[in-house]
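A.B. asks: please work out how this folds:
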Amino acid sequence: MNERDYFTEFMELVEEKFGLDVLDEVLEMSGDEGIYTAVGSYDHKDLVKLIVNLSKKTNIDPATLQQVFGQTVFKTLLNAIPENASIGSSTSTFQFIRHVEDYIHVEVKKLYSDAEPPKFHFISETETDMVMDYQSARCMSHVCLGLIEGCAEHFGESVKVEMTPQTEDSSVVRFNLTLA
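C.D. replies: Alright, predicted model coming up:
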């Protein structure tokens with residue numbers, strides 16, 4: 001997925017969950033025309049602004065909105081994976097998450113050389129626990145949480161997730177995942 005896909009996915013989610021009127025108001029509040037092209041480059045701060053303004057409009061916490069967005073984006077991400085890709089043969093949440101760093105983030109860099117995908121630094125893993133640091137300049141760890149939840153749902157697993165910021169600006173967040 002490229003930056004445009006995140007914006008269009010977010011707008012589709014808002015329209016589906018809250019209606020076109022709310023989407024129009026959020027775009028207006030954000031000074032955003034809602035037009036994203038495949039060749040454009042978009043600042044993640046604009047997406048954050050849309051999320052914050054949706055939060056103001058709906059009285060739903062921005063972190064919760066990011067989390068729901070992440071759950072939705074997982075389905076799109078899954079559908080975009082080629083059938084012959086090794087990540088597609090994952091059979092568990094932990095296995096899929098491991099492949100994200102090795103496959104998806106590498107492919108993003110191939111397609112968009114100036115892209116800065118988040119990084120996963122794996123600290124430990126057993127059959128039932130995984131500890132990793134999520135590092136992103138975009139500080140959208142709740143989107144990552146939603147992606148993990150969407151992944152676990154896809155594999156029919158129940159995963160308890162604890163998040164602990166490792167830096168003051170939350171650009172690095174430790175995720176402790178436990179299969180229930």
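A.B. asks: so residue 60: helix, strand or coil?
C.D. replies: When classified by DSSP: H, G, I helix; E, B strand; the rest coil, residue 60 comes out as coil.
A.B. asks: my guess is it contacts residue 52. True?
C.D. replies: No. With contact defined as CB atoms under 8 Å, residue 60 does not reach residue 52; the gap is 11.1 Å. The C-beta positions use only the backbone N, C-alpha and C, and glycine is treated the same way.
A.B. asks: now residue 75, nearest residue through space, not along the chain?
C.D. replies: Take residue 75 and drop its neighbours on the chain: the residue closest to it by CB to CB, 6 or more residues apart in numbering is residue 150, 6.4 Å away.
A.B. asks: check which residues of the strand or helix carrying the one you found are buried.
C.D. replies: Assessed by DSSP states H and E, residue 150 sits inside helix 141-154. Neighbour counts over helix 141-154 (16 or more other CB atoms under 10 Å) mark 141, 142, 143, 144, 145, 146, 147, 148, 149, 150, 151, 152 as buried.
A.B. asks: show the pLDDT at the residue of the chain positioned farthest from its centre.
C.D. replies: For the chain, the residue at maximal distance from the C-alpha centroid (CA atoms, centre = their mean) is residue 21, at 24.9 Å. Among the per-residue scores, residue 21 shows a pLDDT of 90.
A.B. asks: doesn't it belong to a helix?
C.D. replies: Yes. Assessed with three-state DSSP, residue 21 lies in a helix.
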